[in-house]
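J.: I would like to see how this sequence folds:
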Amino acid sequence: MRLLFGILRLLVALAIIVAIVGQFANSLSMVPDPAAFVLNFFSFFTILSNAIAAIVLLIGAWFCLRTQSDPCWYNFARAAIVTYMTTTLVVYNLLLRDISLDQATTVPWSNEILHVWAPLYLLLDWVFAPGRRRVPWSRFWLIAAFPIGWVIYTMIRGAVVGWYPYPFLDPSIAPGLGYRGVAVYVIAIAAFILLVGSAIVGISQSRWPYRRVRDERAGVEHAGDEHVGDDRGERVTA
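T.: Okay, here's the model as predicted:
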């Protein structure tokens, strides 16, 4: 089972890379200012989260081929990127699917991979791939660090250059609302990220679908095993 998910992670990572490169090459050929385009392109949360996801999946594929469970640091990184990609999936399909963004012509197949299929795989991988460890609730708030940093960067850069990656972050889009309207969207999305993050951490606490099977086979299940955490380097296998 680890081998299967190792291969799937490798294939999805390659699909993400091809999708990013395909969109980048297509858009670069149509813009008048390549330098500004490159900075703008890699300022999209979708592009950044997918690029990180590809790296995380490649690392995860290597672990699947070499070890029986994922190390704690990787497990947390995976939980974080699953949260970001799930947020990308929901926000895009609710707020952005019918909006044309100013990065030249969107490549349809690339757009679907980055906004739909890759996020869906990351979520399914988190639920079903063996080797998952528990993520301590004490680390839950760290999941929000990257989105917060991205919003701060986006708003500062937007105020300087007059460009925002998404319409709901542009204070000039909604007359009379300005930064207050942006703040509403940011708070709502931040709350959703925390909600998704809590679900991702909650799934890691669950014995389903692999941990209980392992415990029963090993004959080590007991009443106090809920207190066994990451400090003991809990291993999970299929």
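
J.: ok, now how distant is Y121 from I113?
T.: 10 Å (CB to CB, to the nearest Å). Every C-beta, even on glycine, is put in place using the N, C-alpha and C of the backbone.

J.: Repeat that for V107.
T.: Look at V107 and I113: by CB to CB, they are 9 Å apart.

J.: Tell me which of these two has more neighbours.
T.: I113 (22 against 17; other CB atoms under 10 Å).

J.: Would you enumerate the residues in contact with I59?
T.: Y74 (CB atoms under 8 Å, 6 or more residues apart in numbering).

J.: What does it show for phi and psi?
T.: Here is the backbone geometry of I59 (degrees, to the nearest 10): phi -60, psi -40.

J.: same question, R134
T.: phi -70, psi 140.

J.: Surely it and R207 touch.
T.: No: with contact defined as CB atoms under 8 Å, R134 does not reach R207; the gap is 9.9 Å.

J.: Give me the helix or strand of the protein that scores worst on average pLDDT.
T.: In the chain, the helix or strand scored least confidently by mean pLDDT, DSSP states H and E is helix 211-218, which has a mean of 42.

J.: overlap in contacts of V107 and I113?
T.: A19.

J.: shaky segments in this structure?
T.: Flagging of the chain using pLDDT under 70 yields the residue ranges 99-104, 174-176, 210-238.

J.: quick one: the strands in it?
T.: Taking DSSP state E, the chain contains no strands at all.

J.: Count the neighbours of T106 for me.
T.: Neighbour tally, T106, other CB under 10 Å: 12.

J.: What of P34?
T.: So P34, with other CB under 10 Å, has 11 neighbours.

J.: Just give the closest residue to it, not the sequence neighbours.
T.: Nearest non-adjacent residue to P34, counting by CB to CB, 6 or more residues apart in numbering: L28, 6.1 Å away.

J.: now do L57
T.: In space, L57 is closest to A13, 3.8 Å off (CB to CB, 6+ apart).

J.: cool, G158 as well?
T.: Y164 (4.3 Å).

J.: Isn't that neighbour up against D170?
T.: Yes: the pair formed by Y164 and D170 meets the contact definition of CB under 8 Å, at 4.2 Å.

J.: just the helices in this protein please.
T.: 2-28, 34-41, 45-66, 72-91, 108-112, 118-128, 145-161, 178-205, 211-218 (DSSP state H).

J.: which parts of the fourth one are buried?
T.: Which is helix 72-91. Of the residues in helix 72-91, 72, 74-89, 91 count as buried by neighbour count, 16 or more other CB atoms under 10 Å.

J.: so which of the helices of the chain comes closest to D98?
T.: helix 108-112 (12.2 Å; CB to CB).

J.: how far is the closest one from where the chain is centred?
T.: Taking the mean of its C-alpha atoms, helix 108-112 sits 17 Å from the chain's own mean (CA atoms, centre = their mean, to the nearest Å).
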